[in-house]
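# Structure, please.
(one chain, ligands or ions: 1)
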Amino acid sequence: MGEALMLKSLYDIWLEAATEALAQGESTRHSLRPQLERFFDLLVQAVETRDPAWLDSVVYLWVWSQTVTDLNSARITIVGVLQVLVEVTARVARERLGESEALELLTTLMPYWLHVLEYAANQEMRAQLDHTTTELQRAQRELERLDKSKSDFISVAAHELKTPLTLIEGYTAMLKDVLEDADEALQEQARPLLDGIARGSERTREIVDDLIDVSLLDNDMLKLAFQPLWLGQILRSLADELAPVVRERQLTLKIQRFPGHDRLIFGDVTRLRQVFRNLLTNAIKYTPDGGRITVDGRLLPGFIEIRVADTGIGIAPEDQHIIFNKFGRLGDPQTHSSGKTRFKGGGPGLGLVIAKGIVEAHGGSIWVESPGYDEEKCPGSTFHVLLPLREEEPDAEKESLFAKLAAYIKKGEQS
Ligand code: ADP
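Numbering: from 1, shown residues only. Modelled structure (predicted):
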């Protein structure tokens, strides 16, 4: 008897055994049968024509429509289903055929099973990959949606806070005026209270302004007003502004006369002041009393690099990217002391995001280097700011060139 005939002779019992092995309840048995019948027919056809590819269509359907897996409550894979069918076939052949016939049939069927198992495994992998890709895309869309609602929230909150804040500031100023005419005793009592309110609203104003800047950056709406400037001058005037806190914290702040400090370049003075003010107040905040902060720089082809180095607590390598993200402050928010320049004083974690946004809007880049975080040994951190040496107001074409070059230099220096 030929192998195809041998196989056909097993049809009824094979179908019964295969349905038994795979189906759970009566209803699944009912819907599974026609599929197993089809599989068996195609197996016979494959053996008759010596072409295992006959089986591909049914396996393809099983994998992509998941009918068999759905039917089986154990939810085994199609490869698993095929393995069950291999076992069933072997068992039925042994029971029904003579030993040598069974052996002959099973040997003949071997390449067909191998082909169909490999095909099923491939298809299942592709299906899994498809599924994972869809899931990833879904997660990505969800993340984008969340980021958008976070950014919308920041924008709304900042603008809503602005109005009452302006009222507080206005009434505080008016109260101060009224107090001028009050008697001496009342003045003495009220002045520190009013100063307290003024300090509080000033700090709130700074946070609200930061939130507004972040939402401008988020929405690509940060506009720069380019004008000629000297970086050395900006840095020295910031050092003067911060001198009282530097003294109070017994720190040393040194602005070196680095090459290029007195070179006239184009940039947004107010925004660049903001960048270096953020870096310097951070250096003050994260350096213990008695420490040193040094600002120097150098000229590179087409760029100027400014470095703000401190002898502070440092930043762990794994955190060196996080700190440039929104709310990327490190450590437990509860343990931060408040106050802008106190050692480890808290902040909302927006300073570096804004600095990064401003520097990148200038076509530059910003990054940090630090051997690690250690509050005892204080290994320090160095923030690098790379800015294009512009001798005129920027034009769009040069912009993208500067941005590419800045990213290239940053990469080279970090590696
Ligand atoms: P904030 O200071 O308001 O928390 P920033 O965006 O300015 O937010 O800084 C983010 C985080 O980066 C800080 O919370 C701090 O953990 C870390 N960091 C910034 N500058 C320094 C520095 N010079 N030394 C050590 N850590 C720093």
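# State the number of residues packed around A93.
Summarising burial for A93: neighbours were counted as other CB atoms under 10 Å, giving 24. All C-beta spots, glycine's among them, are computed from the backbone N, C-alpha and C.
# Quick check: closest non-adjacent residue to it.
Counting by CB to CB, 6 or more residues apart in numbering, the nearest residue to A93 once its immediate chain neighbours are dropped is A102, at 4.2 Å.
# For the one you found, give me its contacts.
Under the criterion of CB atoms under 8 Å, 6 or more residues apart in numbering, the contact partners of A102 comprise A93, R94, R96.
# now it: how far from the ligand?
73 Å (CB to the nearest ligand atom, to the nearest Å).
# With A21 instead?
Note on A21: its distance to the ligand, by CB to the nearest ligand atom, is 61 Å.
# quick revisit: I'd like the contacts of A102 written out as JSON lines, with secondary structure, pLDDT and distance to the ligand added.
Converted to JSON lines, the contacts of A102 look like this (DSSP: H, G, I helix; E, B strand; the rest coil; pLDDT from 0 to 100; distance: CB to the nearest ligand atom, whole Å):
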{"residue": "A93", "secondary structure": "helix", "pLDDT": "94", "distance to the ligand": "71"}
{"residue": "R94", "secondary structure": "helix", "pLDDT": "93", "distance to the ligand": "71"}
{"residue": "R96", "secondary structure": "helix", "pLDDT": "92", "distance to the ligand": "75"}
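# Around the nearest residue to S381 once chain neighbours are set aside, count how many other residues there are.
Excluding its sequence neighbours, the residue lying closest to S381 (CB to CB, 6+ apart) is S370, at 4.0 Å. Applying the criterion other CB under 10 Å, we find 21 residues in the vicinity of S370.
# Could you verify my assumption that S370 touches G380?
Yes: in this structure, S370 sits in contact with G380. The criterion is CB atoms under 8 Å, and the distance is 6.7 Å.
# Common neighbours of these two, please.
The contact lists of S370 and G380 share G314, where a contact means CB under 8 Å, 6+ apart.
# helix, strand or coil for the single nearest residue of the stretch 301-415 of the chain relative to the ligand?
Each residue of the stretch 301-415 of the chain has a distance to the ligand, by CB to the nearest ligand atom, and the smallest belongs to G347, at 2.1 Å. The assignment at G347 comes out as coil when based on DSSP: H, G, I helix; E, B strand; the rest coil.
# same check, this time on A225
Following three-state DSSP, we place A225 in the coil state.
# mind checking how far it is from A361?
Counting by CB to CB, to the nearest Å, the gap between A225 and A361 amounts to 11 Å.
# mind checking the longest helix of this structure?
Taking DSSP state H as the assignment, the helix of the chain that covers the most residues is helix 99-180.
# Just put the contacts of A102 in a markdown table and tack on distance to D12.
Rendered in a markdown table, the data for these read as follows (distance: CB to CB, whole Å):
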| residue | distance to D12 |
| --- | --- |
| A93 | 14 |
| R94 | 16 |
| R96 | 10 |
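# What number of residues are in the vicinity of the residue in the stretch 101-250 of the chain that the ligand sits nearest to?
The shortest separation between the stretch 101-250 of the chain and the ligand is 8.2 Å, found at D210 (distances taken as CB to the nearest ligand atom). By other CB under 10 Å, the residues close to D210 number 21.
# Give me the mean pLDDT for stretch 157-177.
Along stretch 157-177, the predicted local confidence has a mean pLDDT of 91.
# Now do the buried residues in that stretch.
A158, L161, K162, L165, E169, T172 (16 or more other CB atoms under 10 Å).
# Wait, the fourth one touches D209, no?
No: contact status for L165 versus D209: not in contact, 10.1 Å apart, counting by CB under 8 Å.
# Can you list phi and psi of E305 for me?
Here the main-chain torsion angles of E305 (degrees, to the nearest 10) amount to phi -110, psi 130.
# for it, what are its contacts?
For E305, the residues meeting the contact criterion (CB under 8 Å, 6+ apart) are G297, R298, L299, H384, V385, L386, L387.
# Direction included, what does the host helix or strand of the second one pair up with?
When you say that, I think you mean R298. Secondary structure assigned from DSSP states H and E places R298 in strand 292-300. On the basis of DSSP bridges, the sheet neighbours of strand 292-300 come out as strand 252-255 (parallel), strand 303-310 (antiparallel).
# Check these for me and report the most buried one.
For the strands paired with strand 292-300, average neighbour numbers computed from mean count of other CB atoms under 10 Å are highest in strand 303-310, which has a mean of 22.
# so where's the stretch 301-415 of the chain shaky on pLDDT?
Counting by pLDDT under 70, the stretch 301-415 of the chain shows low-confidence ranges at 328-340, 346, 396, 415.
# which residues in it form strands?
Ranges of strands in the stretch 301-415 of the chain, per DSSP state E, counting those that start in this stretch, are 303-310, 365-369, 382-388.
# Compile these into TSV and extend it with columns for distance to L231.
Listed next are the strands of the stretch 301-415 of the chain as TSV, based on distance: least, CB to CB, whole Å:
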stretch	distance to L231
strand 303-310	6
strand 365-369	14
strand 382-388	8
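# Go through these and name the closest to R126.
Shortest separation from R126 across those is recorded for strand 365-369, at 40.5 Å, computed as CB to CB.
# ok, and does the closest one reach over to the ligand?
No: using CB under 6 Å from any ligand atom, strand 365-369 stays clear of the ligand, with a minimum separation of 7.4 Å.
# who in the stretch 251-400 of the chain is up against the ligand?
Within the stretch 251-400 of the chain, the positions near the ligand by CB under 6 Å from any ligand atom are 278, 282-283, 286, 310, 312-313, 315, 323, 328-330, 347-352, 381.
# re earlier: now do the same contact list for the residue of the stretch 101-250 of the chain closest to the ligand.
With contacts taken as CB under 8 Å, 6+ apart, D210 has the following neighbours: P348, L350, G351, I354.
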